[in-house]
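Asks: Predicted model, plus sequence, below.
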Amino acid sequence: MKKIRISLLTGIFALFYVLNVNAQEHHDHDDHEHHDHTHGHKTEIGGGNSLVYFFGEEELSYGLHFHVVRNIGHSNFGAGLAYERIFDEHTHNTIGIVGSYTPVDRLHFALTPGIAFEGEDWGEKNFALHFETAYDFQVGNIHMGPMVELGYNFEHVHLSTGIHIGFGL
């Protein structure tokens, strides 16, 4: 199982390295043009559909998250709110505050500190921290592409891989 985990992580990092190099090359070739890293919108409503791997439990689950992020001025930074639900026997729920950064067109990073709730008992809370990166392709006001997320709380660590879909307002 350890070899599978290492292979999975190596593949994911290699994919995002190639995507980052491609995005940087695209950005460097078009330096004479103005690039709007926010795709011309001030607010994004988006979500992620993913496969979630729990490292300690060595199990796979289905995950879904939603977020609303507002661009801060005319910068590459944004802030907003997020909710994640992992559909497994523990029913993980996490709410948090998103901080996002888009260093080059199409490549996004987000850091989301928040609170994780297990099961139906919303009284038991844990600190949670999620780091997500996504690379998107623009189709009108909709953008979509691969995403990877690493989530941590005092109970577990998980890795999510899947598709990010967002809509700009």
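Replies: Yep, that arrived.

Asks: Helix or strand: which one has the residue positioned nearest the centre of the chain?
Replies: The residue lying closest to the centre of the chain (Cα atoms, centre = their mean) is E132, at 3.2 Å. Here E132 sits within strand 125-135, counting by DSSP states H and E.

Asks: Pull the number of nearby residues for the residue nearest to F117 when sequence neighbours are not counted.
Replies: In this structure, F117 finds its nearest non-sequential neighbour in N93, 4.5 Å apart by Cβ to Cβ, 6 or more residues apart in numbering. Quick note: C-beta positions are derived from backbone N, CA and C, even for glycine. For N93, the neighbour count with other Cβ atoms under 10 Å is 17.

Asks: Which is the succeeding secondary structure element to the helix or strand where N93 lies?
Replies: Using DSSP H and E, N93 maps to strand 92-104. Helices and strands here follow DSSP H and E; after strand 92-104, the next one along the chain is strand 107-118.

Asks: residues in contact with the residue nearest to F117?
Replies: N93 makes contact with Y83, E84, R85, A116, F117, E118, W122 under the criterion Cβ atoms under 8 Å, 6 or more residues apart in numbering.

Asks: bridging residues for the first one?
Replies: Right, Y83. F66, I95 (DSSP bridges).

Asks: Look at it and say how many residues are nearby.
Replies: Y83: 16 neighbours (other Cβ under 10 Å).

Asks: The fifth one now?
Replies: A count of neighbours around F117, defined by other Cβ under 10 Å, yields 19.

Asks: got a list of what it touches?
Replies: Contacts for F117 (Cβ under 8 Å, 6+ apart) come out as H92, N93, T94, E124, K125, N126.

Asks: okay if I get these as JSON lines plus distance to K42?
Replies: Formatted as JSON lines, the contacts of F117 follow (distance: Cβ to Cβ, whole Å):
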{"residue": "H92", "distance to K42": "31"}
{"residue": "N93", "distance to K42": "28"}
{"residue": "T94", "distance to K42": "25"}
{"residue": "E124", "distance to K42": "37"}
{"residue": "K125", "distance to K42": "32"}
{"residue": "N126", "distance to K42": "33"}
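
Asks: top of the residues you listed by neighbour count?
Replies: H92 (25 neighbours).

Asks: Can you tell me, leaving aside adjacent residues, what's nearest to it?
Replies: Spatially, and ignoring its direct neighbours in sequence, H92 is nearest to I86 (3.9 Å; Cβ to Cβ, 6+ apart).
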